[in-house]
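Participant: pasting a predicted model and its sequence here:
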Amino acid sequence: MLPTDPIMLLSYVNTKLRDEFQSLEDFCQSLDVNVVTLIDTLDKIDYHYSKERNQFI
């Protein structure tokens, strides 16, 4: 289960992307997470996914 607090979610997702997943799509597919919802949630706290860095910045 993903954290519901956006800041905790950001930390969790970036850690997973760094340590375990090659892309956001891999992460979302593996954990059965809707990629659009995840992007929208983190966009609300002004974090955007960088494919080149494979993290939200």
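Facilitator: The structure has been received and is ready for your questions.
Participant: ok, which stretches of this protein are helices?
Facilitator: For the chain, applying DSSP state H gives helices covering 6-19, 24-31, 35-43.
Participant: how far away is the residue most central in space within the chain from Asp32?
Facilitator: What sits nearest the mean C-alpha location of the chain, by CA atoms, centre = their mean, is Val13, with 4.1 Å. Between Val13 and Asp32 the computed distance is 14 Å (CB to CB, to the nearest Å). Quick note: C-beta positions are derived from backbone N, CA and C, even for glycine.
Participant: show me the contacts for the residue lying closest to the residue nearest to the centre of the chain once chain neighbours are set aside.
Facilitator: In this structure, Val13 finds its nearest non-sequential neighbour in Phe56, 6.4 Å apart by CB to CB, 6 or more residues apart in numbering. Phe56 is in contact with 10, 13-14, 42, 47-50, counting by CB atoms under 8 Å, 6 or more residues apart in numbering.
Participant: and these as CSV, adding distance to Pro3?
Facilitator: Putting the contacts of Phe56 into CSV (distance: CB to CB, whole Å) gives the following:
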residue, distance to Pro3
Leu10, 9
Val13, 9
Asn14, 12
Leu42, 12
Tyr47, 14
His48, 19
Tyr49, 17
Ser50, 21
